[in-house]
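Colleague: Sequence and computational prediction follow.
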Amino acid sequence: MHPKHFPGLRADQTELLLSIAKTGYPEQVLALPYWETERRASGLAVLAFGAELKAIPAKVTDPVLGAVRFAFWREALEEIEHGRAR
């Protein structure tokens, strides 16, 4: 999909998010052109985030390291929720 189809995202951001999202949710990425235009950028971000979380167990060799990565994302989301984005 062309970056211009994702209002609010720069081309480099779109390309990065698409590459991440495709690793975990290729079918959903193919469906993005059919999403409402104003929802595509946020939908793409959610798909990419989900793909990142989904990949954690395969990326780590020690379950403790996986727990640390999940804790990082949990804390990052809590900061965003409270207006303290990193």
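Modeller: Everything's here; your move.
Colleague: Residue 41: neighbour count?
Modeller: By other Cβ atoms under 10 Å, 19 other residues sit near residue 41. All C-beta atoms are positioned from the backbone trio N, CA, C, and that covers glycine.
Colleague: do the one 10 residues further on as well
Modeller: By the measure other Cβ under 10 Å, the count of residues near residue 51 is 20.
Colleague: Hmm, it is touching residue 19, no?
Modeller: No. Contact criterion Cβ atoms under 8 Å: residue 51 and residue 19 do not qualify, at 9.5 Å.
Colleague: Can you tell me the closest non-neighbouring residue to residue 10?
Modeller: What sits nearest to residue 10 in space, not counting adjacent residues and going by Cβ to Cβ, 6 or more residues apart in numbering, is residue 3, at 7.5 Å.
Colleague: For that neighbour, give me the pLDDT.
Modeller: At residue 3, the pLDDT value in this model is 75.
Colleague: need the contact list for it.
Modeller: By Cβ atoms under 8 Å, 6 or more residues apart in numbering, the contact list for residue 3 reads 9-11, 14-15.
Colleague: out of those residues, which are inside helices?
Modeller: Under the assignment DSSP state H, the contacts of residue 3 contribute 11, 14-15 to helices.
Colleague: List buried residues within those.
Modeller: For the ones in helices among the contacts of residue 3, a burial check counting by 16 or more other Cβ atoms under 10 Å picks out residue 14.
Colleague: Out of the ones in helices among the contacts of residue 3, which comes closest to residue 68?
Modeller: Nearest to residue 68 among the ones in helices among the contacts of residue 3, counting by Cβ to Cβ, is residue 15 at 28.2 Å.
Colleague: residue contacts, the closest one?
Modeller: Listed by Cβ under 8 Å, 6+ apart, the contact set of residue 15 reads residue 3.
Colleague: ok, 10 Å please
Modeller: Applying Cβ atoms under 10 Å, 6 or more residues apart in numbering to residue 15 gives the contacts 1, 3, 6, 9.
Colleague: For stretch 1-8, what is the distance to the chain centroid?
Modeller: Its chain's C-alpha centre and that of stretch 1-8 lie 15 Å apart, by Cα atoms, centre = their mean, to the nearest Å.
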